[in-house]
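# next come a sequence and a model predicted from it.
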Amino acid sequence: MAPVPAAPKSSLEVLLETIKKRDEQPKDAPPALPARPTCRGRLPSAKRPSLPSGVKLENGAAKGAVADTLMADKNPGVEKKIGGQEVKEENVVKTRIFGSKRKFSNGEVLEESPYEDKFHDERKEMTFFKEPPSVSSRAKINGKPVFTDTMDYVLQKKLRVWCSSPDATWELGQIQSISGDDVEILLVNGEVLTLSPERLLPANPDILDGVDNLIHMSYLNEPSVLYNLQFRYSRGLIYTKAGPVLIAVNPLKEVPLYGKDFITQYRKKLNDDPHVYAVADLAFHEMLRDGINQSIIISGESGAGKTETAKIAMQYLATLGDACGMESEVLQTNVILEALGNAKTSRNDNSSRFSRVVRRATGERSYHIFYQLCSGAPPLLKKKMFLKEANYYNYLKQSACLRIDGVDDAKRFSMLVDALDIVQVSKDDQMKLFSMLSAVLWLGNISFSVIDSENHVEIVSNEGLATAAKLLGCSAPQLVNAFTARKIQAGKDNIIQKLTLTQAIDARDALAKSIYAHLFDWIVEQINHSLGTGRHHTWRSISILDIYGFESFIKNGFEQFCINYANERLQQHFNRHLFKLEQEEYIEDGIEWADVEFVDNTDCLSLFEKKPLGLLSLLDEESTFPKATDLSFANKLKQHLRGNSAFRDEQEGAFKICHYAGEVTYDTTGFLEKNRDPLNSESIQLLSSCKCELPKYFASVMVADSQNKSSQSAVDSQKQSVVTKFKAQLFKLMQQLENTTPHFIRCIQPNSKQRPMLFEHDLVTHQLKCCGVLEVVRISRAGYPTRMTHQQFAERYGCLLLQSIASQDPLSVSVAVLQQFNIPPEMYQVGYTKLFLRTGQVAALENGKNQMLHGALRIQKNFRGLHTRQEYQGLKKGAMTLQSFIRGEKARIHFDHLVKRWRAAVLIQKYARRRLAATMFIDQLKYVVLLQSVMRGCLARNKYKSLKEERDSKEMNGDYPQQPVITELHGRVSKAEASLRDKEEENAMLKQQLEQYEKKWSEYEAKMKSMEEAWKKQLSSLQLSLVAAKKSLTSDDVATRAARTDAAPTNAHYDSEDTSTGTHTPEGTEFKYQSHNPEARVAAQNSDRRVNAVNHLAKEFEDRRQVFEDDAGFLVAVKSGQVGSNMNPDDELRKLKDRFATWKKDYKSRLKETKVNLQKVGNHEEKSRKRWWGKKSTK
C-alpha cells in the first residue's frame, strides 16, 4: 500500500514550527529568523489570477502597463500639453476601497486586463526588479513576444506617450508606427514627429486624468505628474494626495472649498477628496485613537500659501472643539502673530520673516504692525505715542514701499486691536506694546555726525532722540552715551572708547532689533498666559508648523542662508519619517524589501553643522575678529571647505551650497554684520535704567539668559551670534517634532507672477523636486504604508471572522482575517511583530468592519424599535381610554355651554324683537301724528279760508268794523311760536338740570334718609319724655280733683244767683268752692300753671318739629332741583343741623326744669291737702 502523501503545510504552521525550533536551539547560538508566510511566493488564487510584472491591483482592477490597452482605440484628437491650460477631459478619478471596481464619471469601468491569462503560467518565475529593464530587453516564449519593459509594451501596443520637444516641454501624442530605432508620433495638434524611444515616456490612460492620489497613477513620471496637477488645478481642485503627503497648489484667488458645509462633510466622512480638512481630521482622530501628539508640517516656497493653509487647518480644529471659547481665541492669535511676524517681500505680500526691522531690499516692507500702527491708530493714541505718518520714519521709508495693493492697514489695525481684546490682552499691555513699537521707529530717526578725522561721531539733537528717550523712559544723555561710547575694561581700569559712525549705527540698530525681538517674545508669552488662564491643560496636542520655505533668488544673503539651513533640517526630518525609518522598519521586521535610493541631505547638513570646520562654526569664528570682513570670511570658507562635495567656491566673495532642492549661490556681503548683532553692555544698562516696565523686563531677560547659558557675564553672553541662537531654536523645534506623529502638507506656487489660473511647469517641477514629492510617491507605491502589530490588527479586525478558529493567538487571527477577505498575497506581508499592507487594503477591512457595525446597529435598531412599538401600543391604548373620558367630559361641558348660549340667544332675541316692535310703533306714531298735523293744518287752513271769506263778505256788507283782526292773529301766532321756542329751550335746560339733580339726588337721598331717621329717633325720645310728663301731670290732677270732691258736700253752699234755671256743673261748684276756700284756690292756680307749662312745652315741640320738617323738606327739594334757589343746600343743611342741636339742648334743659318744678308743686299740694284734712278733722 502506497504511503499517503503528506498534506502541504500552511504558512502559519511553517511559522510556528520555525519558532519552536528556534526555542530548542542552544542559548549561545544566534537566533534564526522566524519563517513567515511567503507572500510573494504563494500560488495565486484561482479566483484572483496573478498579473504580469509591473502591474498592481488597485480596487479590484488591473493597473499598469496592460491597463493602457483600454485606451488604444481612444480618439487622439484632444489637445494635452504640459505647461498650457487647455485640458478638456472631465474624468477626475476618486480612489475607492479595495474589492470594488472603479467607476468613472463617463460610466466606464476599468476591466481586467485581456492579457492576464497569457501571463498566468509565467508569473511563478517572475521576480520584482529594483530598476526596470532596458527598452531592448525583449524575449519570445513559444514564438510569442514577452514584454519585460513598460516602454517596450507601450511601443508594441502603440499607446499614448509623452514626447520631449526641443523647447524642453512635454507634448502628448499617439504612436503611429515604429521603424527601426525611430518612432513616429502623432501629436494632438495634428503634427507628426519622428523621435527616438529615449525621448518618450509612457502616458497614463485618459481615464486616469485628474486622479486625486498620485500613487494610483499607472505611470509616475514628471510629465504625468505635472499634467495631473495642472488638470486638477484648472478645475479648481487645488489639493492632491501623494501618498501620505498632501499637495496644495495656491489658487491665488477665492475658491469655494471652505466653510461650514465642507467642515461638516469632512467631520461626518461624507467627503473623501484631498483637503486640508482631511489632514486635520486625521491628525485629530489619530491623537484620540493612539494617544500620541500630532504635528502638521506645512512647507513650501515663499508665496505658496503656507500661512493660509495653516489658518484653514486651525479653523477646522477649532470647529472640532466646537469653538467653545479658547479655540476662537486661538484663531485670533493669527491676526496678532501675522502683524508682528510677517512682512511683504518681492515674492509674497504676507511672508514670515525675521530681522526685518532696520533694513530690507527695495520694494519690500518691514513688519505689518508698523504700517498698521501709523495708519490706523486713533488721534488720541497717536498723540500719546508721538506717532506720525509711515514715510516720516527712516526704518520704513528706506525701501520705497509703504503700501500693499488691496490691503487697508487702518482696517487691519482695527482687527488687530479686536484680536488683542478677544485674546484678553489688557489695555495696559496694549499701550506698552504700542509704546515700544513707536520707540523702535523713533530710534531709526536718530542721526549721527562725524566730529573728527578718526570718524568719531556725536548724536545730532533732533526729534528722534527726545521722543525715543520719552517712550523708553530714559534721558536723552543716556541714549547719547549708549550710542556714541563704549566702556572697555583693561585690568582694573575702565577705558571709555568713542565709537565710529559705523559702530554707532550698528549699536542703534542692534538696540532696535533687540527691543523688537524681546517684544515679540513678550507678546507671545502674554497670549499663552491668557489662553491658559482658568483652563485645564489637555494631555495631548496638535502642533501646526508654518515655517518659511526654501528660497533661491538672484542675490541670496544671510537671511536666505538661515532659511535654507532650517529647510534642510526639516527635509531631513521628512526623509527620516518617510524614507529611512520606513526602510529600517521593514528590515527590522524581516519584510522582503528592495532598498529604494533617495536623495539624502546628510552631507549638506554636515557642511553647516560640522565642528570646528562647518559653515556655522567658521561664521561665528570670523565674527569674533574685529578686523574681519565679509571677503575674509569668504576666503576662509574656500580654504577649509573646498573639498566638501556640497560646497562650491565662487568669485568675488560668494560661495555655493548644494541643497536638497538645488544649488544656491550666497553673497557674503553683510554676513558678519548681521551675525554679530552688537548689543553692547551700555545698551543693556540703558534698558535696565529705564523707567518704563518693558525695557527693564527685557534687560532682566537678557541677564537671566546669560546666567542660564554660561557662567560668563551678561556682556559676554550677548556675544552669542545670531546664527548660534537660530541653530539652538531650530534644534529645539526638531526635538519637539520628533516626539509627534507628523502630517505633511507641501504648498506649491503655480507661477511667479501671482496670477490665478496660470501654471508654470518649470517652477512647479522645481518645487516638486525640492519638496521630494516624486520620491514620496515612488517609495509609497513600492512599500507598505499601512502597518499594525498582530495584537492591534487582531483586536481591531478579529470581530470580522465569520467562524471561530482553533488558535486564538493574534497572528492566527490576523492571517484568518486576511484570508477571509481574499486580500491578494502581493498586497500584504507578515512581519515578526507587525502586518504590513499596501495602500487601500485597510479601507477594505474598515469597510467590512463598518458594515458589521452597521449590521449590529441595524439589529439593535430593529429590536429597540419592536420594544418601543410594544410600549407605544400599550401607552396608546391607555391614552385612548383616557382621551375618551376626557372628550366625553369636554363634550358635556360644551353641550351645557351651548344650552346656556341658546337660552341667552332667545332672551336677546326677545328683547331685540321688543325693541324693534317699539321702534316700529314709535315710527308709526310719528307718522300718524304727522298725518294728523297735516290734516289739522289743512282743516285749519280751510277754516281760516272760510272765515276770511266770511269776514270779507261781512266787511263788504258792513257788519263788522274795520279792525286788523288778521294782524292781531298773526301777532298772537308769532308770540305763541316764540313762547314755544322759549319753553322748548327752557325744557332742554330743565332736562339737563334734572339729569344733574338726579345724579346728586341719589347722593343726598341717602344722607337725608339717615338724618331723618336720626331726627325721628331723637323726636321719638323727646315725645316719649313729654308723654311721660303728661301722664305724671294727669295723675296729679286726678288726685287733686278727688280731694276737692270729697270736701265739697260739707262746706258747699249755693249762691242765690246760681239758682237760676240750668244745671249746676261740678266745675261751677268747684269754682265756687275755690272762691270761698283760699287754699283750694291756690291749689287750683298751681294746677293751672303746671298744665299751662306742659301744654306750652308740647306746643313748642310740635311747632319746632313742624319747622324742622318743613326746612328739611325744602332743602331736599332744592337739592333735587324741584325748587329753584341760589342757596347752597349743603351749607343750609349744616346750619339746620346746628340749630336743631342747639334747640334740642335747650329743650332738654327746660323739660328737665319743668319736671323739677312739677315735683315741687306736687309736694306743696300734698302738704296743703294734709293740712286741710287735718283742719277738717279737728272740726
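Thanks, I have the structure now. In this text, all values refer to a predicted model and were calculated from it rather than measured experimentally. Numbering: from 1, shown residues only.
# any low-confidence regions in the stretch 401-550 of the chain?
Along the stretch 401-550 of the chain, segments meeting pLDDT under 70 span 489-492, 533-538.
# I meant to write the stretch 201-350 of the chain there.
Low-confidence segments of the stretch 201-350 of the chain, defined by pLDDT under 70: 322-327.
# what are the ranges of the helices in it?
Under the criterion DSSP state H, counting those that start in this stretch, helices of the stretch 201-350 of the chain are mapped to 222-233, 260-267, 276-290, 306-320, 326-341.
# of all those, which gets the most neighbours per residue?
Across these, the average number of neighbours (mean count of other Cβ atoms under 10 Å) peaks for helix 222-233, which reaches a mean of 23. In this view, the C-beta of every residue, glycine as well, is placed from N, C-alpha and C.
# now the helix or strand in which residue 952 is found, how far from the centre of its chain.
Per DSSP states H and E, residue 952 falls inside helix 841-957. Remark: helix 841-957 is offset 51 Å from the chain centroid, using Cα atoms, centre = their mean, to the nearest Å.
# if you count contacts, what does that helix end up packed against?
Counting contacts by 3 or more Cβ pairs under 8 Å, 6 or more residues apart in numbering; DSSP states H and E, helix 841-957 packs against helix 790-797.
# now the angle from the helix it packs on to helix 276-290?
Calculated by axes from the mean of the first three to the mean of the last three Cα atoms, to 10 degrees, helix 790-797 forms an angle of 110 degrees with helix 276-290.
# what helix or strand is residue 194 located in?
Element membership for residue 194, per DSSP H and E: strand 192-195.
# which residues touch that strand?
For strand 192-195, contacts defined as Cβ atoms under 8 Å, 6 or more residues apart in numbering pick out 163, 164, 173, 176, 182, 183, 184, 185, 186, 187.
# is it true that the fourth one lies in a helix?
No - the assignment for residue 176 by DSSP: H, G, I helix; E, B strand; the rest coil gives strand, which leaves it out of any helix.
# now do the same contact list for residue 511.
Counted by Cβ under 8 Å, 6+ apart, residue 511 has contacts 443, 482, 483, 679, 683, 686.
# gap between it and residue 699?
Counting by Cβ to Cβ, to the nearest Å, the gap from residue 511 to residue 699 is 11 Å.
# before we move on, what about residue 539?
37 Å.
# more crowded one of the two?
More crowded of residue 539 and residue 699, by other Cβ atoms under 10 Å: residue 699, with 21 against 7.
# now the helix or strand harbouring the more buried one: mean pLDDT?
Using DSSP H and E, residue 699 sits within helix 693-709. Across helix 693-709, the average pLDDT comes to 83.
# who are the packing partners of that helix?
Helix 693-709 packs on helix 427-443, helix 501-532, helix 681-688, helix 714-717, going by 3+ Cβ pairs under 8 Å, 6+ apart.
# closest to residue 1111 out of those helices?
Smallest distance to residue 1111 across the helices and strands packed on helix 693-709 (Cβ to Cβ): 88.5 Å, for helix 427-443.
# quick one: distance of that closest one to the chain centre.
For helix 427-443, the gap between its own C-alpha mean and the chain's C-alpha mean amounts to 32 Å (Cα atoms, centre = their mean).
# same question for stretch 1017-1033.
Taking Cα atoms, centre = their mean, one finds the center of stretch 1017-1033 at 98 Å from the center of the full chain.
# one more: stretch 257-265?
The chain centre lies 16 Å from the centre of stretch 257-265; the measure is Cα atoms, centre = their mean.
# list the contacts of that stretch.
Contacts to stretch 257-265, defined as Cβ under 8 Å, 6+ apart, come from residues 236, 238, 239, 270, 271, 275, 277, 312, 315, 316, 319.
# out of the residues you listed, who's nearest residue 498?
Nearest member of these to residue 498, counting by Cβ to Cβ, is residue 312, at 55.0 Å.
# the closest one against residue 266, yeah?
No - here residue 312 does not reach residue 266: they are 11.4 Å apart, not a contact under Cβ atoms under 8 Å.
# what do those two both touch?
Overlap of the contact sets of residue 312 and residue 266 (by Cβ under 8 Å, 6+ apart) consists of residue 277.
# what's near enough to touch residue 701?
Residues 518, 521 are the ones in contact with residue 701 under the rule Cβ under 8 Å, 6+ apart.
# please report how far it lies from residue 603.
The gap separating residue 701 from residue 603 is 38 Å, by Cβ to Cβ.
# and for residue 401?
Residue 401 sits 39 Å away from residue 603 when distances are taken as Cβ to Cβ.
# which of those two has more residues huddled nearby?
Counted by other Cβ under 10 Å, residue 401 and residue 603 do not tie: residue 401 has more neighbours, with 18 against 13.
# name the SS class of the more buried one, please.
Residue 401 carries the three-state label coil when classified by three-state DSSP.
# contacting residues around it?
344, 362, 363, 364, 365.
# got a quick ChimeraX command for the buried subset of these?
To isolate the buried ones among these in ChimeraX, judged by 16 or more other Cβ atoms under 10 Å, type:
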select :344,364,365
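# reformat the contacts of residue 401 as JSON lines; add distance to residue 502.
Shown next, in JSON lines, are these (distance: Cβ to Cβ, whole Å):
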{"residue": "344", "distance to residue 502": "28"}
{"residue": "362", "distance to residue 502": "22"}
{"residue": "363", "distance to residue 502": "26"}
{"residue": "364", "distance to residue 502": "23"}
{"residue": "365", "distance to residue 502": "25"}
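# closest to residue 925 out of the contacts of residue 401?
residue 344 (104.0 Å).
# so which bits of stretch 919-936 are buried?
Of the residues in stretch 919-936, none is buried (16+ other Cβ under 10 Å).
# number the residues from 58 up from this point.
Sure thing, new numbering starts at 58, so read that last one as stretch 976-993.
# the stretch 708-857 of the chain: strands as residue ranges?
Per DSSP state E, counting those that start in this stretch, the stretch 708-857 of the chain carries strands over the ranges 711-716, 719-724, 798-805, 843-846.
# for the shortest one, what is the average pLDDT?
Yep, that's strand 843-846 we're talking about. Averaging pLDDT residue by residue across strand 843-846 gives 80.
# which neighbours does it have in its sheet, and in what orientation?
Using DSSP bridges, the strands paired with strand 843-846 are strand 891-894 (antiparallel).
# dump the partner strand to PDB, restricted to CA.
The C-alpha coordinates for strand 891-894 follow below in PDB (Å, rounded to 0.1, in the frame of the first residue of the first chain):
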ATOM      1  CA  LYS A 891       3.600  43.600  12.500                       C
ATOM      2  CA  LEU A 892       1.400  43.200   9.500                       C
ATOM      3  CA  PHE A 893       2.400  45.400   6.500                       C
ATOM      4  CA  LEU A 894      -0.300  46.300   4.000                       C
END
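# what's next to it, contact-wise?
Here strand 891-894 makes contact (Cβ under 8 Å, 6+ apart) with 643, 646, 648, 841, 843-847, 850, 871, 875, 880, 884-887.
# for the contacts of residue 568, name the two members farthest from one another.
Spanning the widest gap among the contacts of residue 568 are 500 and 736, at 12.8 Å by Cβ to Cβ.
# quick one, which of these two is more surrounded?
Between residue 500 and residue 736, residue 500 has the larger neighbour count (other Cβ under 10 Å), namely 28 against 22.
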